[in-house]
Every structure is written in structure tokens, then in C-alpha cells.
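J.: Would you be able to build a 3D model of this:
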Amino acid sequence: MATARRASTARRASTARRAPTLRFEREAWRAGAGLLAAIDEVGRGALAGPVSVGVVLLSADAKPAPLGVADSKLLTPQARQRLAPRIRRWALDCAVGHASAAEIDRIGIIAALRLAAERAVTQLSVKPDWVLLDGNHDYLSVGEDGLFDAAFDAALGGACGEPDRWRCRVPVRTLIKGDLKCSSIAAASVLAKTERDNIMISLAQKYPQYGFEENKAYSSPQHHAALLEHGPSEIHRCSWNLPGRAGWSAWAGWAGLTERARLAAATDLEELPELLEVPRRRPPAAGVTAGVTSDSPEDLTTNHAMGDDEQMMSAGIAR
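T.: Numbering: from 1, shown residues only. Now for the predicted structure:
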């Protein structure tokens with residue numbers, strides 16, 4: 001019992017030390033920045049399913065984030081589920097965008113991150129004046145020469161049925177480990193992780209052999225074994241060096257690749273959420289409200305930095 005109490009105290013102390021703040025956001029607001037869009041992604045290192053990008057929009061009068069907001073990898077699934085509605089009430093607006101496995105195969109993971117982020121910001125009721133982006137690479141900004149953007153749209157088949165999709169022409173600040181430092185980025189990561197996990201749990205009913213409800217499409221022994229036995233499904237990223245790829249037989253992989261071609265040809269925006277099995281966006285929040293702080297941090301984190309993804313062995317970023 002005493003050992004358990006000490007462990008609980010240590011978790012609370014650790015949570016307090018690593019709690020993100022609005023420090024970087026307030027620095028920008030003091031410099032005259034307007035509406036802030038904090039952006040973070042999940043699913044970048046997965047072997048199947050979409051890559052998902054969360055965006056949280058805040059104004060300069062934003063209250064502190066709801067208690068317990070942290071990098072989504074540090075939180076239990078139950079904690080993320082509890083925090084998600086509180087984050088939506090706290091933010092001026094928020095959304096999650098997705099790029100499918102077919103799109104990742106067609107344009108690459110970095111361009112897919114940009115596509116998912118643009119789709120997320122497009123959903124906002126008000127567009128941001130500047131962006132705080134997790135990581136060290138700005139994959140959002142539109143180039144002055146427009147060459148990358150022309151190639152980007154061409155790879156998607158023209159405007160991809162999304163002529164009004166947001167393009168980033170506002171200042172972007174990248175921040176390494178931003179989800180550990182910034183409340184807004186951490187909140188975006190929680191929303192993206194929660195929505196993508198729900199998608200993968202839903203897809204697990206259609207593809208039970210891969211264990212998506214447990215591994216969320218990241219590498220795991222079960223996932224590797226299923227790929228060796230069954231080959232890829234239509235939601236696997238077939239351009240990647242998936243386990244057992246060299247040994248796929250025609251019957252094991254052909255169904256997935258054939259369906260992939262169908263998905264790659266689907267460019268209608270209205271069809272996309274159905275293809276991804278993505279829930280429709282919530283209505284915009286009426287305004288900024290303070291978060292609920294009834295839960296103690298004790299049950300909001302796991303003992304391990306990777307949280308419920310600890311057992312995954314992805315060669316990419318386990319997010």
C-alpha cells in the first residue's frame with residue numbers, strides 16, 4: 001500500500017513538472033499576433049489507416065487549458081476521452097483532418113500531413129492569423145514560387161474536389177516537442193489521437209485479423225504476423241516497406257491493392273469521410289469557456305512515456 005502511494009505521488013509530481021503551458025502562445029500574443037492555430041499530428045508512423053492532424057484555435061483572451069492536458073502519448077485512452085470534450089469547450093474552435101492511406105501512397109507522408117492539416121483548418125469557423133506547429137519542419141507554408149503547390153495539387157488530381165481548401169499563407173512557428181511544452185499543441189494532439197483511435201477501433205471490426213483495436217495500425221507482433229499471413233488490406237500503406245512484403249502472394253495482396261486503386265480514384269470531398277469512416281465535424285463552439293478541472297492528474301497519465309503505444313515497434317514515430 002505504501003509503495004502504491006509513493007508511486008502515485010511520484011506520478012503526480014512528474015505530471016506537474018511536465019505540464020504544458022501557454023507561454024509560447026502568450027509571447028506571440030504580446031507581440032501582436034491574432035488568432036492562433038496550434039497543430040499536431042498522429043498516425044505518421046503507422047502501417048495502415050489515415051494520418052490525422054488536429055488543430056485548436058485560440059484567441060489572446062484564452063483561459064489556461066483544462067487540467068490534465070498533455071502530450072497525447074502520455075495519457076491513457078480513458079484520460080484522452082475525458083479531455084476531448086473539455087478541450088472543445090475551452091477552444092474558440094477546433095477540428096481534425098485526415099489523409100487516407102491511398103493518399104499517403106500517392107503523394108508521400110509529408111504532403112499527406114499538409115493535406116490533413118489543410119482539411120482540418122478548412123473546417124474552422126474562423127481562419128488563423130498565425131500557426132504554432134509541432135516539430136522542426138514547416139510542411140504547411142505555401143511557397144512563393146508556387147511550384148510545390150502546383151505539383152501537390154497535380155498529384156491529388158487537380159483540386160481534389162476541394163477548391164476551397166485552406167492554404168497556409170500566415171506565419172508559422174515550428175516548435176520541437178511542442179506537445180510537451182504548449183497547451184494548445186498538446187490539446188490538438190489529444191483531439192487527433194482520440195479521433196484516429198476511434199477510426200481504427202471501428203476499422204478493426206472490418207479487419208479483425210490485424211488487431212487494429214489494440215495496435216491502432218502501428219507495428220506490433222500481431223500486426224506483423226497478420227501481414228505475413230493475409231497480406232495488406234485496402235487501408236494499408238502499400239508504398240511502405242511493410243513486414244513480409246517480399247513474401248506476399250498474389251491472392252494475399254491483390255484484393256487490397258485493387259481496392260486501393262478504387263480509393264485513389266475517389267476525389268469527391270463528400271465521399272471522403274465515408275471512405276475513412278470519419279465522424280462528421282462537430283458544430284463550432286459558441287466561444288471560449290474555462291475547462292472543467294474536476295479530475296486529479298493522478299489517473300491522467302500512465303507510468304510510461306509511450307502510454308498505450310508502449311508495446312508498438314513502429315519504425316516511424318509512434319503517434
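
J.: my guess is residue 33 contacts residue 129, does it?
T.: Yes - counting by C-beta atoms under 8 Å, residue 129 is a contact partner of residue 33 at 6.1 Å. The C-beta positions use only the backbone N, C-alpha and C, and glycine is treated the same way.

J.: Tell me where the stretch 151-300 of the chain is predicted with low confidence.
T.: Scanning the stretch 151-300 of the chain for pLDDT under 70 picks out 151-152, 154-155, 157-161, 244-300.

J.: repeat that for 50
T.: For the stretch 151-300 of the chain, the stretches with pLDDT under 50 are 249-255, 258-259, 262-263, 266-300.

J.: So which residues of it form strands?
T.: Assigned by DSSP state E, counting those that start in this stretch, the strands in the stretch 151-300 of the chain fall at 172-175.

J.: Helices along the chain, start to end?
T.: For the chain, the helices defined by DSSP state H cover 2-18, 23-30, 77-90, 101-107, 109-122, 147-155, 178-181, 183-206, 212-215, 221-230, 250-265, 272-276.

J.: Return the list of helices and strands in contact with the longest one.
T.: Helix 183-206 makes packing contacts with strand 36-42, strand 51-58, helix 77-90, strand 93-99, strand 130-134, helix 178-181, helix 212-215 when contacts are defined by 3 or more C-beta pairs under 8 Å, 6 or more residues apart in numbering; DSSP states H and E.

J.: out of these, nearest to residue 71?
T.: Nearest to residue 71, of all the helices and strands packed on helix 183-206, is helix 178-181, at 4.0 Å by C-beta to C-beta.

J.: give the contact list for the closest residue to residue 54 other than its chain neighbours.
T.: Nearest residue to residue 54, sequence neighbours excluded (C-beta to C-beta, 6 or more residues apart in numbering): residue 192, at 3.2 Å. By C-beta atoms under 8 Å, 6 or more residues apart in numbering, the contact set of residue 192 is 40, 41, 42, 43, 52, 53, 54, 72, 96.

J.: any chance of those residues in JSON lines, plus pLDDT?
T.: Listed next are the contacts of residue 192 as JSON lines, based on pLDDT from 0 to 100:
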{"residue": "40", "pLDDT": "97"}
{"residue": "41", "pLDDT": "97"}
{"residue": "42", "pLDDT": "97"}
{"residue": "43", "pLDDT": "97"}
{"residue": "52", "pLDDT": "98"}
{"residue": "53", "pLDDT": "98"}
{"residue": "54", "pLDDT": "98"}
{"residue": "72", "pLDDT": "93"}
{"residue": "96", "pLDDT": "98"}
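
J.: Looking at those, which is nearest residue 125?
T.: Of all the contacts of residue 192, residue 125 sits closest to residue 96, with 14.9 Å by C-beta to C-beta.

J.: Find the residue closest to that closest one in space, skipping its chain neighbours.
T.: Among residues not flanking residue 96 along the chain, residue 195 sits closest, at 4.5 Å (C-beta to C-beta, 6+ apart).

J.: Just give the number of residues close to the one you found.
T.: 20 (other C-beta atoms under 10 Å).

J.: Please apply the same query to residue 136.
T.: Residue 136 sits with 10 neighbouring residues when counted by other C-beta under 10 Å.

J.: Likewise for residue 52?
T.: Residues lying near residue 52 (other C-beta under 10 Å) number 32.

J.: Could you list which residues are in contact with it?
T.: When contacts are counted by C-beta under 8 Å, 6+ apart, residue 52 touches 41, 42, 43, 96, 97, 98, 116, 192, 193, 195, 196, 199.

J.: need those residues in CSV with distance to residue 219, can you?
T.: Converted to CSV, the contacts of residue 52 look like this (distance: C-beta to C-beta, whole Å):
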residue, distance to residue 219
41, 18
42, 15
43, 13
96, 23
97, 24
98, 21
116, 21
192, 20
193, 17
195, 21
196, 16
199, 18
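
J.: What sits closest to residue 59 if chain neighbours are left out?
T.: Closest to residue 59 by C-beta to C-beta, 6+ apart is residue 92, at 5.3 Å.

J.: wait, doesn't that neighbour sit right on residue 128?
T.: No - using C-beta under 8 Å as the test, residue 92 is too far from residue 128 to be in contact (9.9 Å).

J.: Overlap of the contact sets of the two?
T.: Once C-beta under 8 Å, 6+ apart is applied, the residues that residue 92 and residue 128 both contact turn out to be 35, 57.

J.: circling back to that earlier point, now the residue nearest to residue 54: how far from residue 233?
T.: Per C-beta to C-beta, to the nearest Å, residue 192 is found 22 Å from residue 233.

J.: go on, residue 223?
T.: 11 Å.
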